[in-house]
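Chemist: Here you go, sequence then predicted model.
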2 protein chains.
Amino acid sequence: MIGTDKMGHTYPGATVPFGSIQLSPDTDTIPYAVDGKYNPEVYKYCAGYQYDDTTIVGFSHTHFSGTGHSDLGDFLLMPTTGSLKLNPGTESNPEMGYRSRFSHKTEKAEPAYYKVDLDDYNIKAELTATTRVGMHRYTFPKTKESHLILDLMSGIYNYDEKNVWTFVRVENDTLVTGYRQTNGWARTRTVYFAMSFSQPITQYGHAKYDKTPYKGFWRKFDESKNFPEMAGEKVRAYFDFETKEDKPLLIKFSISPVSTQGALKNMQAEIPHWDFDRIKKEGQEKWNTELSKVQIVASEDTKVNFYTSMYHAFLGPTEYMDVDQQYRGLDMNVHSANGFTNYTSFSLWDTYRALHPLFNILQPDRNRDMIRSMMAHYYQSVHHMLPIWSHYANENWCMIGYHSVSVIADAIVKEILTGKEAHEALAACVQTAQTKYYDGLGNYMDLGYVPEDLNGSSVSKTLEYSYDDWAISQAAKKLGNMEIYNMFKQRAENYKNVYDSTSGFMRPRLSNGEFKEKFDPLDTHGQGFIEGNAWNYSLYVPHHPKKLIELMGGEERFVSRLDSLFSMELPDKYFEKTEDISREGIIGNYVHGNEPSHHVLYLYNWTHQAFKSHDKIRKVLTEMYKSTPDGLGGNDDFGQMSAWYIFSSLGFYPVAPGSTTYAIGSPSIEVAQIQLANEKTFVIETKNQSAQNVFVSHIEHDGIPLKKPFITHEDILKGGTLTFYMSDKPNPNYMNFN
Amino acid sequence: MIGTDKMGHTYPGATVPFGSIQLSPDTDTIPYAVDGKYNPEVYKYCAGYQYDDTTIVGFSHTHFSGTGHSDLGDFLLMPTTGSLKLNPGTESNPEMGYRSRFSHKTEKAEPAYYKVDLDDYNIKAELTATTRVGMHRYTFPKTKESHLILDLMSGIYNYDEKNVWTFVRVENDTLVTGYRQTNGWARTRTVYFAMSFSQPITQYGHAKYDKTPYKGFWRKFDESKNFPEMAGEKVRAYFDFETKEDKPLLIKFSISPVSTQGALKNMQAEIPHWDFDRIKKEGQEKWNTELSKVQIVASEDTKVNFYTSMYHAFLGPTEYMDVDQQYRGLDMNVHSANGFTNYTSFSLWDTYRALHPLFNILQPDRNRDMIRSMMAHYYQSVHHMLPIWSHYANENWCMIGYHSVSVIADAIVKEILTGKEAHEALAACVQTAQTKYYDGLGNYMDLGYVPEDLNGSSVSKTLEYSYDDWAISQAAKKLGNMEIYNMFKQRAENYKNVYDSTSGFMRPRLSNGEFKEKFDPLDTHGQGFIEGNAWNYSLYVPHHPKKLIELMGGEERFVSRLDSLFSMELPDKYFEKTEDISREGIIGNYVHGNEPSHHVLYLYNWTHQAFKSHDKIRKVLTEMYKSTPDGLGGNDDFGQMSAWYIFSSLGFYPVAPGSTTYAIGSPSIEVAQIQLANEKTFVIETKNQSAQNVFVSHIEHDGIPLKKPFITHEDILKGGTLTFYMSDKPNPNYMNFN
């Protein structure tokens, strides 16, 4: 349940690792906007569920985990009894509609299993899932008035015209098929389904809420009842059953990106029986396999947070293809994933930082297939670009940079992507980085920075392009392509072009070369940044910390700057404008809840005061991640926040993906065994570990003292043991030799 | 051009026999309704073209021929020069928009070729087509300001929300792909396209007219210009070219029911070059092959009308699959037409009467494949029903009856459909005829008639179900299934249940068994009929003429009734309410422009005064079919009116499809040679033929005098010669021996 309250944006429902189905309760489905006016309340419902809510609207089959914008929420099912209601009602007046009150007391959220009692109907609802099929078990009271609502208008980040079309066929009295097409975050998106019941429908029907005036010759029929073909923009259907207490209604609900035929294939392949408990058990075994890739000894609280983070980290990207490897591509044609598993939902601005590097250690095969999926996207893209933020055959263009190149470069330098594939991926990176019409990139290429007068958030973009370009250069170097290396090595220096030595901050620059005059380094709005102010974002040169330190006036000034960031107070008027974050997501002016600062504490490692990071990292681990529903200090961002937790609690962090070097921090575990894909084990152990003993005095690698606060990917792959000696006081000589 | 003025609803554009592409000028694209209010003017534009109009909006790729309701008009292209206009403008003020004035003087409409000058732009436009690809040749003046408009909002029977979604990709500077999804007569319909240019685009863009409030992260871009991905509900795109007088712009435009990949495959397979004249020549050769299946000697006027009828008869149903046999089915899944050509656009209420029987003589292989297409529809239908009026993977439920069974039965009794296939088709007929929720059918099955108080047009439905049931019985008899034969033989008598001996008319009956009190046999509205009044429709018992004559009081009264029908005057107040018909479509109270009377004149053959049909048939042939744009007395109805002309001018007519017998009338040709699929030739010749000599004195079949005014399908298949001896006076002893 961690992250289901406030800003975490996680969902508590049933899913398997990287599963296409995320079958989860929605506690409200409020509109994103009505008549064009944005509804700020919608933000709470990115994952459909808010812990404080007292009613459940129903159980839908697709959810993003932890995103800061949203979509999905497809195919909401809700079991009810008594008189039929087809509208969802409101939380304050649930009787008005089909929703039900519930209590956390009857709620149980486990990997691949969710259970709750729907109090208004005396129905026990249980959910489990395979990769492509959700399974529902509804224990109704004995009655002839049991209904199942299929609300095709319901959705997450729903608005007036998000529904483009829906199509439903009642194939027979236990099988329904159809699809829904939406225009949401994904502009042109269709999901197909097949739904099978364990007992026959007694009757069924639907209501349509379309404005469409033309009814054609359909007026011949009473379409609303027992008519097996439904279609329209806005459809809500119901299916009635005669139920008994001792014979729950079971439902298999499969989805497909291709067709209803595909959904049926998926159902037949993944759940060819009606054994709910077996599916639950198999799902939990899958989770155990994934979660036990890192086995830790730690305090109970750390364990809970650690494995919750592991769980969240392995929720996405999600598989996106049928059991026969077919999927719908960006060109809306059906493609086949030949020799790889196709994934979707790449929240790359977040996940390139630590999640994909984590996969390079714990899920290298999946990460390779994720890159193959990104390459398939590239080949299908009419822009000839790698994904920015892509889901379900759509590019939604969310956030900035072109961080696919970071994921690819990291996999190339770590030899997860090799040979011809690596060269092809590098070519895709180069092509992507030269798309002049993309988000200020043409100006960046011409001027060496994005000018604020021509393109907003210009400093953030310049800094991130600059890092991405460095990542490309590193991949090119690894592959021996020196022409590309030199070209992008040069571009990697572009961060310097937005550094204003007068203010000491990265600062927006205009197309005439001058810095923008009005400038407030505490404000996150209109200052040339996005999801971060100049204080935080000016430190975003993960690829050249040494050069950044020089640029900013040397080590002393730099360390004091980092110290201040953590200790200063961000005035309320600035906090209020900080995106996506609760007060709990901030320490001083350090904003952990948004990603641009995730590497910042580790920058101490490039100074002679590396120990200064230790207590701060531990403070973040403790204060920003709590084992309560409101325990996350910000959106989990599809696993990035969790990946930060996992790395940091293990004692190291990938400051610049695209490098094989990890910066060392302060581990919070006692022992951790990391099971590697090469069958070796990398062990981290701490001596004298406690909540107080957060400073690392020294470190041994297989018994040999570590001289620099860094380890490499090669070190990890070799297996071995890293031993941290902990203390309650900083060791001023810690690694003080670089 | 025949039928392009007034009510004919034919289109003058380029197409090949039964082609998927009907590339034709649209002279207006007025809305079907705005804000739910029907616009009666739209009816004129069923085929997109009205001869009286003075402007052309553009050239779209799909058109129905002769229908009385409509859809399609997909992918309107319009070449323009000068300043860019993205709205179509109006006929009274064409300068406001992109449309152009034109003159019939520069217009040329040939099979597979259409040409016109667009006067406002000094552009010569030429069109030709293959089955799945339209080819445009636009000769522009020399200018850098040449545009091609692709108006994705344009359509036939368009209304506020007909457009559901459009999606366009500019793949490169000579290739564009995409699709359009509509909710029109077909509720859920998508057509995909690929468009290739003979020279590169210099620039391009689009405008969007959506109400959709959510723009997502697309606001990052100026989507309107040179941005290769367009999507939305309402999109108009343009593509600019630099043109020269001596180098026309050529465009290949292919469509697919499956995908843009499919459209590309079709283009590559059917037009792998840029030779417009070759495509035109090949198209005209295809037409010559089809049209020369009947070679006639006749007056010039008869020849023009005859071959125009042949042309119209071979326009549809249209092929509906890609070159690889794939098509989208009723369940919206992609299916493969294994071993047959899949067809769509079955206007069966019209075409079962004479068009499909004509195909059984001239196009038996195509007709068999049409039935296979109908069977594929049946297998995909969630209603488990054969098509009523189907197009593009949709059942639009237009008109009444279930006349697929007539087409199937006729093919079975004529041994065009045999063996296992015939038995399966019979089973589909039986299943279709037992769909109780369909259009009063449950009541019909229970009561023996459709009660008017429960279901409108009840008499028409009863009569047509009754005929269809007889057709099923005949197919069952042919296949030796006596159980089905007996069951439907019984149902075939149901016409008697709506005969009111008091009034002497078929008359609406209520569910309590009584006849409806208020009843006006001249009125077509609210009297229990559709597209016909009681005078016409009461004669609709094509399967039991003898019994009908008895029912109506014997031969004398029946003949006088037929005489009256043709000679009486239909008062204006009744004419005004008659659907789909101009005054030219009526002789007396005989309404030839609507189908229910098409067999009526041939009913004289079941009396001792068969000769009475001769002058009347000739009158219809002469007066209802003229070789002028306004030459058709009513909608051509996808070839049914034309098929009547072809049969009647050859001297025989299939009164009751499902029987192998044809009734003989009065041929208007001098000689006709019908080339049969079995390589034999059936010859019809007339002696003493003239416009005055319309009465047949006697007939010889291969020299042997014919004793009854009927021939059989077997007679035709044997080949041989039917010789008609004509006179300017009736022969009162003509066939007077039955």
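Modeler: Noted; the coordinates are in hand.
Chemist: Which residue ranges make up the domains of chain A?
Modeler: Chain A is divided into the following domains under automatic domain parsing: A:24-288, A:293-727.
Chemist: Can you lay out the ones you listed as a markdown table showing mean neighbour count, distance to chain B and mean pLDDT?
Modeler: Every C-beta, even on glycine, is put in place using the N, C-alpha and C of the backbone. Output for the domains of chain A, formatted as a markdown table (neighbours: other C-beta atoms under 10 Å in any protein chain shown; distance: least, C-beta to the nearest C-beta, whole Å; pLDDT from 0 to 100):
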| stretch | mean neighbour count | distance to chain B | mean pLDDT |
| --- | --- | --- | --- |
| domain A:24-288 | 20 | 4 | 95 |
| domain A:293-727 | 21 | 4 | 96 |
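Chemist: Could you provide those domains in JSON lines, with additional columns for distance to B:His544?
Modeler: Formatted as JSON lines, the domains of chain A follow (distance: least, C-beta to C-beta, whole Å):
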{"stretch": "domain A:24-288", "distance to B:His544": "27"}
{"stretch": "domain A:293-727", "distance to B:His544": "52"}
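Chemist: For B:Arg372, find the nearest of those.
Modeler: Of all the domains of chain A, domain A:24-288 sits nearest to B:Arg372, with 20.5 Å by C-beta to C-beta.
Chemist: is it true that A:Ile674 lies in a helix?
Modeler: No. Assessed with DSSP: H, G, I helix; E, B strand; the rest coil, A:Ile674 is strand; it does not lie in a helix.
Chemist: Name the SS class of the nearest residue to it once chain neighbours are set aside, please.
Modeler: Distance criterion C-beta to C-beta, 6 or more residues apart in numbering or on different chains; nearest residue to A:Ile674, sequence neighbours excluded, is A:Phe682 at 4.4 Å. Under three-state DSSP, A:Phe682 falls in the strand class.
Chemist: Can you name the residues that contact A:Phe682?
Modeler: Neighbouring residues of A:Phe682 by C-beta atoms under 8 Å, 6 or more residues apart in numbering or on different chains: A:673-674, A:676, A:716-722.
Chemist: Out of those, the closest to B:Ile704 would be?
Modeler: Using C-beta to C-beta, A:Leu676 comes nearest to B:Ile704 of these, at 96.6 Å.
Chemist: so what's the closest one up against?
Modeler: A:361, A:682, A:716-717, A:719.
Chemist: for A:Gln431, same thing?
Modeler: Residues near A:Gln431 by C-beta under 8 Å, 6+ apart: A:378, A:384-385.
Chemist: tell me the secondary structure for it?
Modeler: helix.
Chemist: how far away is it from B:Thr54?
Modeler: The gap separating A:Gln431 from B:Thr54 is 51 Å, by C-beta to C-beta, to the nearest Å.
Chemist: what do you get for A:Glu569?
Modeler: A:Glu569 is 76 Å from B:Thr54, where distance means C-beta to C-beta.
Chemist: just A:Asp615 next, same as before
Modeler: Distance from A:Asp615 to B:Thr54, counting by C-beta to C-beta: 84 Å.
Chemist: what do you get for A:Leu175?
Modeler: Distance from A:Leu175 to B:Thr54, by C-beta to C-beta: 55 Å.
Chemist: Repeat that for A:Lys518.
Modeler: A:Lys518 sits 60 Å away from B:Thr54, going by C-beta to C-beta.
Chemist: Can you tell me the centre-most residue of chain A?
Modeler: A:Phe638 (1.3 Å; C-alpha atoms, centre = their mean).
Chemist: need the contact list for that one.
Modeler: A:Phe638 neighbours (C-beta under 8 Å, 6+ apart): A:64-67, A:315-317, A:345, A:347, A:350-351, A:355.
Chemist: Then A:Thr723?
Modeler: A:Thr723 sits in contact with A:685-687, A:699-701, A:703, where contact means C-beta under 8 Å, 6+ apart.
Chemist: export those residues to a markdown table and tack on secondary structure?
Modeler: Formatted as a markdown table, these follow (three-state DSSP):
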| residue | secondary structure |
| --- | --- |
| A:Glu685 | strand |
| A:Thr686 | strand |
| A:Lys687 | strand |
| A:Ile699 | strand |
| A:Glu700 | strand |
| A:His701 | strand |
| A:Gly703 | coil |
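Chemist: between these, which is nearest B:Asp275?
Modeler: Closest to B:Asp275 out of these is A:His701 (73.5 Å), distances taken as C-beta to C-beta.
Chemist: For that closest one, name its beta-bridge partners.
Modeler: Residues in a beta bridge with A:His701, per DSSP bridges, are A:Ile704, A:Leu722.
Chemist: So it is in contact with A:Thr712, correct?
Modeler: No. Using C-beta atoms under 8 Å, A:His701 makes no contact with A:Thr712, being 10.5 Å away.
Chemist: ok, A:His713 - contacts?
Modeler: For A:His713, the contacting residues are A:360-361, A:413-414, A:660-662, by C-beta under 8 Å, 6+ apart.
Chemist: Now it. Its backbone dihedrals?
Modeler: Dihedral pair for A:His713: phi -60, psi -40, per degrees, to the nearest 10.
Chemist: In contact with the residue lying closest to A:Leu603 once chain neighbours are set aside, which residues are there?
Modeler: Nearest residue to A:Leu603, sequence neighbours excluded (C-beta to C-beta, 6+ apart): A:Pro545, at 5.4 Å. Counting by C-beta under 8 Å, 6+ apart, A:Pro545 touches A:603, A:605-606, A:655.
Chemist: From the contacts of A:Leu676, pick the one nearest B:Gly13.
Modeler: A:Ile361 (63.6 Å).
Chemist: for that closest one, phi and psi?
Modeler: Per-residue torsions, A:Ile361: phi -90, psi -50 (degrees, to the nearest 10).
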